[in-house]
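Asker: sequence and predicted structure are below.
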Amino acid sequence: MAQNRHVYDRLAAGYDRAMRPCERLGLGRLRRRALAEVAAALEGRPRGGRLLEVGAGTGANFPFYPPSARAACAEPSREMILRARDKAARPEGAGLVRAVAERLPFGDGTFDAAFATLVFCSVASPAEGLAELRRVVRAGGRVVLLEHVRPPAPLGYAFDALNLLTVPLFEDHFNRRTAEEARRAGLRVERVEGHLLGVIELIVCRTV
Ligand SMILES: C[S@@+](CC[C@H](N)C(=O)[O-])C[C@H]1O[C@@H](n2cnc3c(N)ncnc32)[C@H](O)[C@@H]1O
């Protein structure tokens, strides 16, 4: 956790500005799509349902949260949390918790749905993080991931090379196979949608 925390503490001040072009080029639209999948899983749940975001960062997903959900946002970087805390779009009652995906401070089956966007490229142990998501979401709930992953060959080879730079610089893995990791962690992967030549995947899973 310490390493990741330091990287994002350093990047926090410029994060939203740096991401703005990506948001305009389609990331914002994909966030909206991912959160629509989450909202569908909360429909009909008592009091709007319980929702967990891991790696919430500066709160870039807040504008897309289902309005009635009771949300918890886990994030390891103190600097990212400070920015999320001050976001005007932070949903009322959304609690910010300093935690890594690999060790979530919640009981089994606490949530109806959990999601992460652009997080499992940074998580030190995706296997442990995904197992934690499986644990804290009730059986029959949903886990939604919007992640940049290793695209199919030949582009995948370029991402293998890029990975040699991005890991030492930013602790950011450019060649992860997150849908496979989710399957291995025991989540039932229901749908994988590729976007931007397969660089970004929307991965919709059910907990069993
Ligand atoms: C690229 S940013 C994405 C932030 C936000 N989810 C978004 O979509 O803008 C990656 C985030 O993952 C967080 N992170 C890194 N390692 C993590 C871990 N082990 N568990 C949870 N979050 C982690 C970082 O602190 C950072 O906020």
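Answerer: Yep, that arrived. Residues are numbered from 1 along each chain as shown.
Asker: now the helices for this protein?
Answerer: Ranges of helices in the chain, per DSSP state H, are 2-22, 28-42, 78-85, 126-136, 155-170, 178-184.
Asker: any chance of those helices in a markdown table, plus distance to the ligand, mean pLDDT and mean neighbour count?
Answerer: Backbone N, C-alpha and C define where each C-beta goes, glycine included. Compiled in a markdown table, the helices of the chain are given as follows (distance: least, Cβ to the nearest ligand atom, whole Å; pLDDT from 0 to 100; neighbours: other Cβ atoms under 10 Å):
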| stretch | distance to the ligand | mean pLDDT | mean neighbour count |
| --- | --- | --- | --- |
| helix 2-22 | 4 | 87 | 14 |
| helix 28-42 | 7 | 97 | 19 |
| helix 78-85 | 4 | 97 | 18 |
| helix 126-136 | 6 | 98 | 21 |
| helix 155-170 | 9 | 96 | 13 |
| helix 178-184 | 13 | 98 | 20 |
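Asker: which of those sits closest to residue 69?
Answerer: Nearest of the helices of the chain to residue 69, taken as Cβ to Cβ: helix 28-42 at 5.5 Å.
Asker: what's that closest one in contact with?
Answerer: Contact partners of helix 28-42, identified using Cβ atoms under 8 Å, 6 or more residues apart in numbering, comprise 23, 48-49, 51, 60-61, 64-66, 68-69, 112-113, 115, 117, 141-142, 144-146, 195, 200, 202, 204.
Asker: so which of these also contact the ligand?
Answerer: 60, 117 (Cβ under 6 Å from any ligand atom).
Asker: quick one: buried ones out of the contacts of helix 28-42?
Answerer: Using 16 or more other Cβ atoms under 10 Å as the burial test, the contacts of helix 28-42 include 48-49, 51, 60-61, 64-66, 69, 112-113, 115, 117, 141-142, 144-146, 195, 200, 202, 204 as buried.
Asker: among those residues, which are in strands?
Answerer: Counting by DSSP state E, these place 51, 112-113, 115, 117, 141-142, 144-146, 195, 200, 202, 204 in strands.
Asker: great, nothing more from me.
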